[in-house]
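Chemist: the sequence isn't on hand, but the structure is:
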């Protein structure tokens with residue numbers, strides 16, 4: 001079995017610290033220790049890294065597109081300073097009641113990433129910290145991965161073992177990156 005080199009990451013709780021009050025500004029956007037280095041290492045290993053993120057704070061008016069752009073510019077700059085790259089950032093600005101096709105757990109963001117990168121997401125790892133991420137991964141034919149950062153511990157506590165069947169769990173993005181890079185080197 002060959003490894004799909006497209007790798008999709010959720011943002012809040014996987015790459016940066018999350019908040020139940022939303023991340024509303026560039027100043028509030030703080031990377032989880034080791035996450036930026038993990039993205040750079042994944043990129044250097046040959047993965048095409050993309051981000052799929054629900055950002056309903058935009059639809060709720062907590063921040064505007066310019067502020068979201070500054071948050072993402074900060075992310076891209078930090079990753080670049082560590083020698084890595086992010087190929088695409090797909091966002092859903094909608095609130096749950098909008099019934100859009102891009103809000104996770106629907107697969108719209110993954111489809112957008114496929115269009116932007118020209119790569120298939122079939123069997124690609126999709127790293128998230130909540131049920132919506134697992135649902136989006138499964139809906140898009142990706143391999144869901146759960147990290148314990150962000151809402152990960154809460155997600156583990158509320159899901160039945162059957163709901164986590166086939167979902168590997170890692171401490172954080174850095175822990176997952178070590179596994180992914182080793183798997184790529186082994187050709188698993």
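Modeler: That came through, no problem. Source: prediction; values computed, not measured. Numbers count the residues shown, from 1 in each chain.

Chemist: surely residue 89 is in a strand?
Modeler: Yes - assigned with DSSP: H, G, I helix; E, B strand; the rest coil, residue 89 falls within a strand.

Chemist: okay, now it: neighbour count?
Modeler: 22 (other C-beta atoms under 10 Å). (C-beta placed from N, C-alpha, C; glycine too.)

Chemist: I figured residue 90 hits residue 116, correct?
Modeler: Yes - Residue 90 is within contact range of residue 116, at 7.1 Å (criterion: C-beta atoms under 8 Å).

Chemist: tell me what the longest helix along the chain is packed against?
Modeler: Secondary structure assigned by DSSP state H gives helix 65-81 as the longest helix of the chain. Applying 3 or more C-beta pairs under 8 Å, 6 or more residues apart in numbering; DSSP states H and E, one finds that helix 65-81 makes contact with helix 35-44, strand 88-92.

Chemist: what about 7 Å?
Modeler: Judged by 3 or more C-beta pairs under 7 Å, 6 or more residues apart in numbering; DSSP states H and E, the packing partners of helix 65-81 are helix 35-44.

Chemist: what comes into contact with the helix it packs on?
Modeler: 7, 15, 49, 78-79, 82-86, 173-174, 177, 180-181 (C-beta atoms under 7 Å, 6 or more residues apart in numbering).

Chemist: and if we set it to 6 Å?
Modeler: By C-beta atoms under 6 Å, 6 or more residues apart in numbering, the residues outside helix 35-44 that reach it are 15, 49, 78-79, 82-85, 173-174, 177.

Chemist: make a PyMOL selection of the buried ones in those.
Modeler: Of the contacts of helix 35-44, the buried ones can be selected in PyMOL as follows, counting by 16 or more other C-beta atoms under 10 Å:
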select buried, resi 15+49+78+79+82+84+85+173+174+177
